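Novice: Have a look at this prediction, sequence included:
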Amino acid sequence: MRKKLNLLCENILQNQLKSNHFDIISCAYGLKTFNNEQLEILAKEINRILKPNGKFSFVEVSKPKNKLLFICYQFYLSKIIPILGKLFLGNPNDYKMLWIYTKNFENCDKIIEIFRKNNLNVKLDTYFFGCATGISGSKL
């Protein structure tokens, strides 16, 4: 059996998406820019628009706990990535904020409780020795 995939790109904080309609919600590298109020809205919207037992998955650049890895990763995100952004895209400004957002965000730990209190089953995933974390789960 072949299933059809329709990909949508929406502002989840202000949308007109149908309730109980979607099977899957996925996002990469957007959570670190949300404040707690926006994370609450995000969790409520995920709960509203997912079908029962619908799945979600988010991944985010994170601050590793290992000190040596932290120093190397900080240098990479704050110095190397902006240079690569300038070389390949002509504008390093967007990439200069990457480490600042990552340092302030730390990881997906704080999001777990926000999602759970909004009736979402959620687990934390860690990737690349803590350089990225994610949450995944389903609507209860």
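Specialist: Yes, it's here. Numbering: from 1, shown residues only.
Novice: and Asn47, what is it in contact with?
Specialist: With contact taken as CB atoms under 8 Å, 6 or more residues apart in numbering, Asn47 is in contact with 118-120, 139. Glycine gets a C-beta too; all of them are placed from N, C-alpha and C.
Novice: Are we agreed that it is in a strand?
Specialist: No - using DSSP: H, G, I helix; E, B strand; the rest coil, the secondary structure at Asn47 is helix, not a strand.
Novice: and it, how far is that from Leu140?
Specialist: Using CB to CB, to the nearest Å, we find Asn47 at a distance of 8 Å from Leu140.
Novice: Now do the shared contacts for these two.
Specialist: Joint contacts of Asn47 and Leu140 (CB under 8 Å, 6+ apart) are 119-120.
Novice: SS state for Lys32?
Specialist: helix.
Novice: Can you tell me, leaving aside adjacent residues, what's nearest to it?
Specialist: Phe105 (3.8 Å; CB to CB, 6 or more residues apart in numbering).
Novice: Which positions in the helix or strand where Thr133 lies come out as buried?
Specialist: Secondary structure assignment for Thr133, by DSSP states H and E: strand 132-139. By neighbour count on 16 or more other CB atoms under 10 Å, the buried set for strand 132-139 is 132-139.
Novice: Check what pLDDT the residue most central in space within the chain gets.
Specialist: Centroid-nearest residue in the chain: Leu31, 3.8 Å away (criterion: CA atoms, centre = their mean). At Leu31, the pLDDT value in this model is 92.
Novice: Let me see the contact set for the closest residue to Val59 other than its chain neighbours.
Specialist: Once flanking residues are discounted, Val59 sits nearest to Gly134: 3.9 Å by CB to CB, 6+ apart. Listed by CB under 8 Å, 6+ apart, the contact set of Gly134 reads 57-60, 108, 124-127.
Novice: likewise Lys63?
Specialist: Taking CB under 8 Å, 6+ apart, one finds 70, 73, 102-103, 105-107, 130 in contact with Lys63.
Novice: just for this structure, where's the confidence low?
Specialist: In the prediction, the chain carries no residues with pLDDT under 70.
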